[in-house]
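[1] I need the structure of the sequence given here:
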Amino acid sequence: MINSSSLTVLSHPLIQHKLTVLRNKHTSTSQFRQLLHETAMLMTYEVTRDLPTSIVEIETPMESMQATCIDGKKLVFVSILRAGNGFLDGMLEVVPNARVGHIGLYRDHVTLEAVEYYFKMPEGMHERDVIVVDPMLATGNSAIAAIDRLKALKPRSIKFMCLLTCPTGVSALQTAHPDVAIFTASVDRQLNQLGYILPGLGDAGDRMYGTK
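    Below you'll find the model as predicted:
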């Protein structure tokens, strides 16, 4: 059962149009990377809607004033390798002062469980808000494993952003981490027997890097 209160489907027409082109099997590797970059930028506007802000004094060409700025040094984008890196550049164009962490996970093709091989985070995670990114939330195993590790560092908050998901992935992540808000461009129909999303867009990492 999906809990709609912690799930946000980003229905903006620009996001949905780019997603359609990303799904198309005839989209080239270079087009796929560029579209993922652009879509990440658009999605970041929505995911960061409630970022903490602070007031600073600045000088306009006319006078001094109190103005709002984001507290960018407190934000961390955490990429689940390798496909998560396709989101990072676009997100950093929107929030250039954010720090970046990486979690290396691969999916065992027999058990579909996530196996960790790399973990590197900025210092002071207990003071930071985290957005975990991975284009696909399929079985949910990688996202759950990543968030399990991150929670041990006690960040202020955690969100999860993906391009595509399905009821199985959403339900699994919400069951394991009901406090983590999920942002996605689409909740697709189901998983196939190999744990791929249908209708989906294939393997995001392979399509980004031309490895299949």
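
[2] okay, and the beta partners of the residue nearest the centre of the chain?
    Closest to where the C-alpha atoms of the chain average out (C-alpha atoms, centre = their mean) is Val133, at 2.4 Å. Taking DSSP bridges as the rule, Val133 bridges to Ser79, Met161.

[3] pretty sure it contacts Leu81?
    No: contact criterion C-beta atoms under 8 Å: Val133 and Leu81 do not qualify, at 10.7 Å. Every C-beta, even on glycine, is put in place using the N, C-alpha and C of the backbone.

[4] contacts only, for Arg107.
    By C-beta atoms under 8 Å, 6 or more residues apart in numbering, the contact set of Arg107 is Glu113, Ala114, Val115, Thr139, Asn141, Ser142, Gly195.

[5] gap between it and Gln174?
    20 Å (C-beta to C-beta, to the nearest Å).

[6] Ile70 too?
    From Ile70 across to Gln174, the span is 28 Å (C-beta to C-beta).

[7] more neighbours: those two, which one.
    Gln174 (21 against 16; other C-beta atoms under 10 Å).

[8] pretty sure that one sits against Ser6.
    Yes: counting by C-beta under 8 Å, Ser6 is a contact partner of Gln174 at 6.1 Å.

[9] mutual contacts of these two, please.
    Here Gln174 and Ser6 share the contacting residues Val180, Ile182, scored by C-beta under 8 Å, 6+ apart.

[10] ranges for the strands of the chain?
    Per DSSP state E, the chain carries strands over the ranges 7-9, 53-59, 64-70, 75-81, 99-107, 114-120, 129-133, 136-137, 157-161, 164-165, 181-184, 186-187, 190-191, 197-198.

[11] which helix of the chain spans the most residues?
    Taking DSSP state H as the criterion, the chain has its longest helix at helix 29-47.

[12] so which bits of that one are buried?
    Using 16 or more other C-beta atoms under 10 Å as the test for burial, helix 29-47 gives 32-33, 35-44, 47.

[13] nearest to Lys120, of the residues you listed?
    Nearest to Lys120 among the buried residues of helix 29-47: Ala40, at 20.5 Å, using C-beta to C-beta.

[14] ok, and the closest non-adjacent residue to the closest one?
    Gly90 (3.2 Å; C-beta to C-beta, 6 or more residues apart in numbering).

[15] ok so, going back, now intersect the contacts of Arg107 with the helices, please.
    Counting by DSSP H, the contacts of Arg107 contribute Asn141, Ser142 to helices.

[16] in CSV, list the contacts of Arg107 along with pLDDT, distance to Met65 and neighbour count.
    Listed next are those as CSV, based on pLDDT from 0 to 100; distance: C-beta to C-beta, whole Å; neighbours: other C-beta atoms under 10 Å:
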residue, pLDDT, distance to Met65, neighbour count
Glu113, 74, 54, 14
Ala114, 75, 49, 20
Val115, 80, 52, 13
Thr139, 91, 50, 21
Asn141, 90, 49, 22
Ser142, 89, 45, 28
Gly195, 87, 53, 15
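
[17] all set, thanks.
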